[in-house]
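Trainee: predicted model, plus sequence, below.
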Amino acid sequence: MAELSVNYFRANLKRVVEDVIDKHTPIRIKRRAGRDVVVISAEDWERTEETIHVLQNQNLMTQMNDSSKTHKSKKGYKPSNKELDEINSF
């Protein structure tokens, strides 16, 4: 993770924020006195929250594990051509 001083961040706020959003790369803002802060785009933060939610939900993790096993053994659900057409029409 890239690190910037709080002074550099303040002086280049617009450019740094645009880089964080465009490159999907969080940046640590270092402070001389006090704790650091991380700047992350709202979109990336929402993805992170979603990932944390899934990882903390034992039922979802079990379902994903079961799904992975059936997929590897080729015993999972196979949609019909009509269903595939419907899925691919989006």
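Mentor: Nice, thanks for sending it over.

Trainee: quick check: phi and psi on the residue nearest to the spatial centre of the chain?
Mentor: In the chain, the centroid-proximal residue (C-alpha atoms, centre = their mean) is Arg47; its distance is 3.4 Å. Main-chain torsions, Arg47, degrees, to the nearest 10: phi -60, psi -40.

Trainee: what residues of the helix or strand Val20 falls within count as buried?
Mentor: Secondary structure from DSSP states H and E places Val20 in helix 13-23. Residues of helix 13-23 classed as buried: 16, 19-20 (neighbour count, 16 or more other C-beta atoms under 10 Å). Every residue, glycine included, has its C-beta placed from N, CA and C.

Trainee: quick one: contacts of it?
Mentor: With contact meaning C-beta atoms under 8 Å, 6 or more residues apart in numbering, helix 13-23 is reached by 4, 9, 25-27, 39-41, 43.

Trainee: now for the helix or strand following it, which elements pack on it?
Mentor: The helix or strand immediately downstream of helix 13-23 is strand 27-30, counting by DSSP H and E. In terms of contacts (3 or more C-beta pairs under 8 Å, 6 or more residues apart in numbering; DSSP states H and E), strand 27-30 is packed against strand 2-5, helix 6-11, helix 13-23, strand 37-39.
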